[in-house]
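# Only the shape, not the letters, is given here:
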Ligand code: PGA
């Protein structure tokens, strides 16, 4: 696992965007695994800038997102489909029909999960997967537990995650209690993984990634088994690491 410690969020966003740019330049048809949340917004802005400066062409890429809330329609301001459209897709030349986000409104959620994994397989797998990390070590919505699921599945969000995400909603009661998420097995199958974290609230979870121990209580600790995982953190998130 490679660790890159940078000064601040701005630098983190630039370094992470550059990693993605390198993948796209090398393979214009790359399958890009994308994430939502506060962490990737700066990186997406950098990618948009590169597109505007004609340094990057998204016309042949396919994108696959990690997760989606159950019960929010795609137009809902807090749905992850809406997030992706607003923060990235509508500003670049990606073919929107080649952008995939789980459907949180599917009548048969189990079938939707299965289809999602099949779709990723059909695409030939994910070339690079972006991850944020929860304060509790979750990746996508794989919450700390005594066991983790390999494939895409429906999960109940922990109170910790509901509280952390309440900042995006008018009221904490509006935060959905369940989500569809890619499983840790699906994430680990990505050829390359880039995890980004900024701020002191992530320091404990980041420490867990470099602990030398793998535990389902810190799902991100699983990344220690990946052949090509890059962890990009700012100084505050790296606070508990010896580097
Ligand atoms: P954040 O969320 O980027 O909004 O901090 C990360 C996560 O919960 O995975």
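Arrived safely. These figures come from a predicted structure and were not determined experimentally. Numbers count the residues shown, from 1 in each chain.

# C-alpha from now on. contacts and neighbour counts both.
Will do.

# what's the burial count for residue 75?
12 (other CA atoms under 10 Å).

# Give me the nearest residue to it, chain neighbours excluded.
residue 82 (5.8 Å; CA to CA, 6 or more residues apart in numbering).

# And for residue 50?
Distances taken as CA to CA, 6+ apart put residue 56 closest to residue 50, at 5.6 Å, once the chain neighbours are dropped.

# What does the pLDDT read for the residue nearest to residue 75?
At residue 82, the model reports a pLDDT of 98.

# what does residue 243 give?
Reported pLDDT for residue 243: 87.

# Spatially central, which residue of this protein would that be?
Nearest residue to the geometric centre of the chain (CA atoms, centre = their mean): residue 35, 2.9 Å.

# what's the distance between that one and residue 133?
Distance from residue 35 to residue 133, counting by CA to CA, to the nearest Å: 10 Å.

# residues in contact with the helix or strand bottoming out on mean pLDDT in the chain?
Here the helix or strand of the chain ranked lowest by mean pLDDT, DSSP states H and E is helix 159-165, holding a mean of 92. With contact meaning CA atoms under 8 Å, 6 or more residues apart in numbering, helix 159-165 is reached by 134, 136, 172, 175-177.

# For it, buried residues please.
161-162, 165 (16 or more other CA atoms under 10 Å).

# Residue 8: what's it in contact with?
Residue 8 makes contact with 198, 234-235, according to CA under 8 Å, 6+ apart.

# at 6 Å instead, please
residue 234 (CA atoms under 6 Å, 6 or more residues apart in numbering).

# same thing with residue 105?
Residue 105 neighbours (CA under 6 Å, 6+ apart): residue 71.

# Show me what counts as buried in the longest helix along the chain.
Across the chain, the helix with the greatest residue count (assigned by DSSP state H) is helix 9-26. Across helix 9-26, burial judged by 16+ other CA under 10 Å covers 9, 11-18, 20-21, 23-24.

# Tell me the one among those residues nearest to residue 109.
residue 20 (30.8 Å; CA to CA).

# partner residues bridging the nearest residue to the closest one once chain neighbours are set aside?
Spatial nearest neighbour of residue 20, excluding adjacent residues (CA to CA, 6+ apart): residue 128 at 7.6 Å. For residue 128, the beta-bridge partners under DSSP bridges are residue 32, residue 192.

# ok, residue 128 - contacts?
Counted by CA under 6 Å, 6+ apart, residue 128 has contacts 32-33, 190-193.

# I only care about those that end up buried; give me the ChimeraX line for that.
Of the contacts of residue 128, the buried ones can be selected in ChimeraX as follows, counting by 16+ other CA under 10 Å:
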select :32,33,190,192,193
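
# could you dump the contacts of residue 128 to JSON lines with distance to residue 3?
Shown next, in JSON lines, are the contacts of residue 128 (distance: CA to CA, whole Å):
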{"residue": "32", "distance to residue 3": "21"}
{"residue": "33", "distance to residue 3": "20"}
{"residue": "190", "distance to residue 3": "18"}
{"residue": "191", "distance to residue 3": "17"}
{"residue": "192", "distance to residue 3": "14"}
{"residue": "193", "distance to residue 3": "12"}
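
# Sweet, I'm off.
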